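Novice: pasting a predicted model and its sequence here:
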Amino acid sequence: MEFRFLDRCLARRRAWLLPLAVLAGLVLLSATGNYLHLRGHVVDMAHHYAEGIARLINDARLWNAEHGGVYVPVSELAEPNPYLKSPRRDLVTSDGQALTMINPAYMTRQISEVTERQAGLVIHLTSQRPLNPGNAADPWEEEVLKGFAGDKYSKPYRLELVAAEDGALFRYMIPLLVKKPCLACHAADGYQEGELRGGISVTFPAAPHFAMIDSQVGWMLAGHGAAFLLVGAALVLLLTRLQEQWLATKTLLATQEATIAIRTESLAAGKHALEEEIEARRQVESDLRQQMERYQTIINTAAEGYWELDPERRTVTVNEALCAMLGYAPEEMVGREPTEFTDWRNADIFRQQLAAREITRHRAFNVVMQTRDGHERHVRFHGTSLFDDDNRLLGSFAFVTDITELLQIRESAAAYALELERSNRELQDFAHIASHDLQEPLRTIVSFGDRLLLKYSSSLDEKGRDYLERMQKAAMRMQQLIEDLLNYSRVTRRNGALRPVDLNLVLAEVLEDLDQRIRENKAVVEIDPLPVISGDHSQIHSLFLNLIGNALKFQPPDTTPLVRVSGRQLAGEQVEITVTDNGIGFDEKYLDRIFRPFQRLHGRDAYQGTGMGLAICKKIVERHHGEIIVHSAPGQGAVFKIILPG
């Protein structure tokens with residue numbers, strides 16, 4: 001900072017101007033200080049002068065008071081004091097000379113008149129409660145008296161230099177305290193000893209006092225001027241020589257800086273290239289470090305075990321999952337071979353697989369490991385070999401999956417599947433046989449009921465015929481239930497191969513089967529072009545027969561049924577068939593019920609049926625590995641969507 005400032009100064013054409021201005025300021029500051037010092041001496045002399053006069057006047061007043069006043073002949077200069085209230089004011093001597101008493105105040109006025117005439121010195125006796133109006137304080141004196149009364153001043157006097165029309169004046173004032181001799185005259189006025197009664201002010205011209213230092217001020221200013229000229233000349237000469245040396249140095253420095261700049265630029269280019277290389281290496285190291293951290297995090301948090309071996313088959317790294325699987329701490333496994341953690345039979349498997357590390361890069365095999373507490377764990381190894389650029393083995397690692405529970409579950413599942421298959425087969429056989437066995441008694445009941453109505457209806461009263469008709473209707477319902485149960489069982493039992501089925505042909509057959517009902521209900525059935533699917537023709541026929549039959553059946557009174565069947569291709573080689581109707585609909589809270597066997601949402605008197613139709617539809621769709629979805633609302637019809645493989 002300092003050198004830059006010096007450079008800026010020396011670079012100017014007249015570099016000595018600023019230092020010369022600073023020197024002038026210092027000389028001016030010194031001259032001002034010296035002048036103020038001399039002025040202070042003048043003020044001190046004025047103070048001593050005024051103090052001597054005031055002390056002389058005060059001592060003279062005290063002498064007068066101690067003697068009870070003095071008598072002088074009455075004359076024009078000493079007329080009787082009209083403000084002195086004393087019976088002894090005026091006396092006449094034995095020779096007839098008239099005398100008048102001069103008290104301290106009168107004496108002070110007399111002395112002031114003499115000094116003012118001869119030396120221009122004004123002595124004024126003033127009081128806060130003057131008896132003589134001539135003793136009233138002027139504004140300056142009144143302000144000073146207030147200061148004395150309030151202890152405003154730190155010194156027992158007040159000296160000020162004030163401006164006046166005839167020139168500056170020194171004004172000096174001391175407080176006038178009541179002393180014991182003064183009480184002879186002033187006790188009647190209420191004054192007490194030591195009380196502030198007033199003051200004595202001394203006023204005199206300041207010019208004679210300042211005239212005493214005029215010669216000193218002249219010599220002082222002359223000395224400062226001479227010093228300024230001598231020092232200024234030396235400073236200008238010094239700065240001129242310094243500027244010449246600075247310019248020469250500047251030229252030399254510029255040459256050196258140019259050379260340094262060239263070398264610095266070359267070094268900077270090399271440094272920049274080196275920094276880029278270092279930064280690239282740091283980035284590579286950072287990336288490698290992050291990859292290693294991610295690698296370690298993945299290894300340590302993996303659910304599967306991780307086992308890494310060196311080329312000599314010794315353990316290098318294991319993760320927490322593997323340690324938890326075998327019950328060992330990591331330090332107990334590092335440095336040991338995997339064959340140490342199994343029996344001799346599985347150790348042979350390990351040796352064979354480890355020997356193949358240099359031949360095959362990837363291997364998968366199952367072995368049985370021994371845990372620390374002696375239990376067996378069935379595990380599957382997925383091993384990978386690591387090679388260098390020269391195809392030399394660096395080591396290998398493997399992910400280890402505990403398949404003990406999986407094997408147990410698989411064995412249990414196989415046994416359960418066999419048992420379930422046997423149970424289902426028995427249930428299906430039972431349902432099929434039971435349905436066939438129930439058909440014969442029902443046919444007998446219906447047959448004999450028909451004979452009774454034909455031959456003996458005239459022998460029965462009306463109630464008997466009603467009972468017989470109810471019995472036949474119940475038997476027919478039972479027969480329908482058994483037939484539906486047989487159909488439901490057939491869907492489950494049929495395992496034939498699926499073949500291409502043209503849905504357009506199937507829907508044509510369904511409409512032919514429902515032709516009578518369609519005409520009776522004056523229904524409108526719209527069929528859009530449909531795709532070909534892989535399925536069981538008879539079951540697909542049963543599926544749409546039930547769906548369209550339900551759409552025709554579940555209709556509100558005095559409504560023309562409207563049924564529409566459409567289809568579209570879905571992603572993943574699937575097709576969606578939609579059956580829409582304008583029937584009575586239902587609340588979707590019953591979705592879990594409508595596909596159950598024998599479940600009805602309405603009474604038999606309202607709509608016929610056994611409640612097996614939609615259950616059979618769902619079984620057919622599931623057998624075809626599809627899905628059936630329905631959307632509906634009361635009074636809004638229903639939309640059935642069947643999603644099947646294409």
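Specialist: Yep, that arrived. Keep in mind that what you see is a predicted model, and the values were worked out from it rather than measured.
Novice: use CA for all of it now, contacts and neighbours both
Specialist: Fine.
Novice: residues touching residue 501, list them.
Specialist: The contact partners of residue 501, taken as C-alpha atoms under 8 Å, 6 or more residues apart in numbering, are 532-537.
Novice: and for stretch 129-148, what are the contacting residues?
Specialist: Stretch 129-148 is contacted from outside by 83, 124-128, 153, 158, 173, 175, 197-199, 201, using C-alpha under 8 Å, 6+ apart.
Novice: now that stretch: buried residues?
Specialist: 135-137, 141-142, 144-145, 148 (16 or more other C-alpha atoms under 10 Å).
Novice: equivalent analysis for stretch 71-91, please.
Specialist: 71-74, 78, 80-81, 84, 89-91.
Novice: and the residues you listed, which is the shakiest by pLDDT?
Specialist: Taking the buried residues of stretch 71-91 together, the minimum pLDDT is found at residue 84 (77).
Novice: how much space between that one and residue 538?
Specialist: Relative to residue 538, residue 84 is positioned 160 Å away (C-alpha to C-alpha, to the nearest Å).
Novice: residue 569 belongs to a strand?
Specialist: Yes. Secondary structure of residue 569, determined by DSSP: H, G, I helix; E, B strand; the rest coil: located in a strand.
Novice: neighbours of the nearest residue to it once chain neighbours are set aside, how many?
Specialist: With C-alpha to C-alpha, 6 or more residues apart in numbering as the criterion, residue 569 has its nearest non-adjacent residue at 4.6 Å, and that residue is residue 575. A count of nearby residues for residue 575, using other C-alpha atoms under 10 Å, gives 21.
Novice: roughly how far does residue 459 sit from residue 536?
Specialist: Residue 459 sits at a distance of 52 Å from residue 536 (criterion: C-alpha to C-alpha).
Novice: and these two? Which one has more around it.
Specialist: The residue with more neighbours, out of residue 459 and residue 536, is residue 536; 21 against 11, by other C-alpha under 10 Å.
Novice: you'd agree the more buried one is up against residue 499?
Specialist: Yes. Judged on C-alpha atoms under 8 Å, residue 536 makes contact with residue 499 at a distance of 6.5 Å.
Novice: picking that back up, is the residue nearest to residue 569 in a bridge, and if so with what?
Specialist: Assessed by DSSP bridges, residue 575 has beta-bridge partners residue 569, residue 644.
Novice: other SSEs contacting whichever strand in the chain runs longest?
Specialist: Of all the segments assigned as strand in the chain under DSSP state E, the longest by residue count is strand 376-387. Using 3 or more C-alpha pairs under 8 Å, 6 or more residues apart in numbering; DSSP states H and E as the contact criterion, the secondary-structure elements in contact with strand 376-387 are strand 362-370, strand 393-402, helix 404-455.
Novice: picking that back up, same list (the contacts of stretch 129-148) but as a markdown table, adding secondary structure, distance to residue 376 and pLDDT.
Specialist: Rendered in a markdown table, the data for those read as follows (DSSP: H, G, I helix; E, B strand; the rest coil; distance: C-alpha to C-alpha, whole Å; pLDDT from 0 to 100):
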| residue | secondary structure | distance to residue 376 | pLDDT |
| --- | --- | --- | --- |
| 83 | coil | 141 | 78 |
| 124 | strand | 131 | 85 |
| 125 | strand | 131 | 82 |
| 126 | strand | 129 | 86 |
| 127 | strand | 127 | 78 |
| 128 | coil | 125 | 72 |
| 153 | coil | 111 | 75 |
| 158 | strand | 117 | 87 |
| 173 | strand | 122 | 89 |
| 175 | strand | 122 | 88 |
| 197 | strand | 125 | 77 |
| 198 | strand | 125 | 82 |
| 199 | strand | 125 | 87 |
| 201 | strand | 126 | 88 |
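Novice: make a ChimeraX selection of the buried ones in those residues.
Specialist: Written as a ChimeraX command, the selection of buried residues from these, which uses 16+ other C-alpha under 10 Å, is:
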select :124,125,126,127,128,158,173,175,197,198,199,201
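Novice: picking that back up, let me have the helices and strands packed on strand 376-387 in a markdown table, extended by mean neighbour count and distance to residue 239.
Specialist: Putting the helices and strands packed on strand 376-387 into a markdown table (neighbours: other C-alpha atoms under 10 Å; distance: least, C-alpha to C-alpha, whole Å) gives the following:
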| stretch | mean neighbour count | distance to residue 239 |
| --- | --- | --- |
| strand 362-370 | 17 | 89 |
| strand 393-402 | 20 | 80 |
| helix 404-455 | 13 | 100 |
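Novice: list the ones among the buried residues of stretch 71-91 that fall in strands.
Specialist: The strands, defined by DSSP E, take in 71-73, 90-91 from these.
Novice: out of the residues you listed, which is nearest to residue 340?
Specialist: Proximity of these to residue 340 was ranked by C-alpha to C-alpha; the top entry is residue 71 with 146.6 Å.
Novice: tell me the pLDDT of the closest residue to the closest one other than its chain neighbours.
Specialist: Nearest residue to residue 71 in three dimensions, chain neighbours excluded: residue 101, at 4.5 Å (C-alpha to C-alpha, 6+ apart). Per-residue pLDDT puts residue 101 at 85.
Novice: count the neighbours of residue 101 for me.
Specialist: The burial count assigned to residue 101 is 24, neighbours taken as other C-alpha under 10 Å.
Novice: give me the distance between it and residue 112.
Specialist: Using C-alpha to C-alpha, one gets 18 Å for the distance from residue 101 to residue 112.
Novice: and for residue 239?
Specialist: Separation of residue 239 from residue 112 (C-alpha to C-alpha): 64 Å.
Novice: repeat that for residue 542.
Specialist: 152 Å.
Novice: now do residue 638
Specialist: The separation that residue 638 has from residue 112, given C-alpha to C-alpha, amounts to 136 Å.
Novice: and residue 521, by the same measure?
Specialist: Using C-alpha to C-alpha, we find residue 521 at a distance of 152 Å from residue 112.
Novice: repeat that for residue 637.
Specialist: Computed as C-alpha to C-alpha, the residue 637 to residue 112 distance reads 136 Å.
Novice: ok, now residue 578?
Specialist: Spatial separation of residue 578 from residue 112 under the definition C-alpha to C-alpha is 139 Å.
Novice: likewise residue 565?
Specialist: In this structure, residue 565 and residue 112 are 143 Å apart, going by C-alpha to C-alpha.
Novice: and if you look at residue 19?
Specialist: Going from residue 19 to residue 112 by C-alpha to C-alpha gives 57 Å.
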